[in-house]
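**Q** 3D, please:
(one chain, ligands or ions: 1)
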Amino acid sequence: MKTYILFGPPGAGKGTHAGAIAEKYNLRHISTGALLREEIAAGSELGKQAKALIDAGELVPDAVVEGMIENAFDTVKGVDGFLLDGFPRNLQQAADLDAILAKRGEAVTAVVALMIPDEMIYTRIQGRALIEGRADDASDEVISNRIKTYHTQTEPLIEYYSKAGKYHEVECTRPTIEENRANVLALVDSIA
Ligand code: AMP
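**A** Coordinates of the predicted model:
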């Protein structure tokens, strides 16, 4: 099984391009953020606990998202691998993912990083707020905190995966989704 990590700051386009990558390479797209939003919508205990953290732009506990990932690894069949979107998000999660995969005789295949500058994060997320209505897209303060969380907790993964020779980056700053998607797919083609 292949394990690709779709990486990048909030608003870079991970969710926008994941479907096309997953389809092309027969991967199951797993977005921890989307799974958490499903839990919130279903009113589950887990969803209730996660909501306050998500709405504040903070990370939920590692054990929560790692449980979701292991559950997917255990249950999903009929694909050539996984496209992890929004996971791992800190160094502990990255180390835990390595351990989870090692237990299964597997390893991270590659990290595909979609990059945009911080200024663009605001405009992208403000645009998405009008379409998707996510609570954590609604206020500038929460968006700022998510950017801060990204820089402090998630960005160190760039060095972690670069050292492992697994980090690949593509700029997603073109004005149209199609242009960015072509660049993203070209990058994945070059490493697949
Ligand atoms: P996303 O849809 O990836 O932007 O995620 C939305 C929110 O869900 C994040 O701001 C976090 O609060 C939470 N979340 C998603 N993935 C993770 C993760 N791997 N670790 C901790 N929190 C996460």
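**Q** okay, CA-based contacts and neighbour counts for the rest of this
**A** Noted.
**Q** now what about the worst-scoring helix or strand of the chain on mean pLDDT, what contacts it?
**A** Between all helices and strands in the chain, the lowest mean by mean pLDDT, DSSP states H and E belongs to helix 118-132, at a mean of 92. Residues outside helix 118-132 that contact it (Cα atoms under 8 Å, 6 or more residues apart in numbering): 9-12, 137-138, 140, 143, 147.
**Q** just the residues you listed that are near the ligand?
**A** Contacts with the ligand within those, counted by Cα under 6 Å from any ligand atom: residue 10.
**Q** For the contacts of helix 118-132, give me TSV that also has pLDDT and secondary structure.
**A** What follows is those, written out as TSV (pLDDT from 0 to 100; DSSP: H, G, I helix; E, B strand; the rest coil):
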residue	pLDDT	secondary structure
9	97	coil
10	95	coil
11	94	coil
12	96	coil
137	93	helix
138	91	coil
140	92	helix
143	94	helix
147	96	helix
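**Q** Of the contacts of helix 118-132, select the buried ones using a PyMOL command.
**A** In PyMOL syntax, the buried subset of the contacts of helix 118-132 is picked out as below (16 or more other Cα atoms under 10 Å):
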select buried, resi 9+10+11+12+137+138+143+147
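**Q** which of the contacts of helix 118-132 lies closest to the ligand?
**A** Lowest distance from the ligand to these (Cα to the nearest ligand atom) belongs to residue 10, with 5.6 Å.
**Q** Spit out the contact partners of the closest one.
**A** By Cα under 8 Å, 6+ apart, the neighbours of residue 10 are 121, 125, 146-147, 150.
**Q** Nearest to the ligand among the residues you listed?
**A** The ligand lies nearest to residue 146 out of those, by Cα to the nearest ligand atom, at 6.0 Å.
**Q** The closest one against residue 55, yeah?
**A** No - judged on Cα atoms under 8 Å, residue 146 makes no contact with residue 55 at a distance of 9.8 Å.
**Q** neighbour-wise, which of those two wins?
**A** Neighbours around residue 146 and residue 55, counted as other Cα atoms under 10 Å, are more numerous at residue 146. The numbers are 22 against 18.
**Q** any idea which element the more buried one lies in?
**A** helix 140-149 (DSSP states H and E).
**Q** which SS class is residue 83?
**A** Secondary structure, DSSP: H, G, I helix; E, B strand; the rest coil: residue 83 is strand.
**Q** quick one on the thing from earlier: check whether the least confident helix or strand of the chain comes into contact with the ligand.
**A** No - Helix 118-132 does not reach the ligand (Cα under 6 Å from any ligand atom); its nearest approach is 9.9 Å.
**Q** I figured residue 145 hits residue 55, correct?
**A** No - with contact defined as Cα under 8 Å, residue 145 does not count as touching residue 55 (10.1 Å).
**Q** and the most centrally placed residue in the chain, what is it in contact with?
**A** For the chain, the residue nearest the mean C-alpha position is residue 86 (1.9 Å; Cα atoms, centre = their mean). Residues counted as contacts of residue 86 (Cα under 8 Å, 6+ apart) are 6-7, 14, 31-33.
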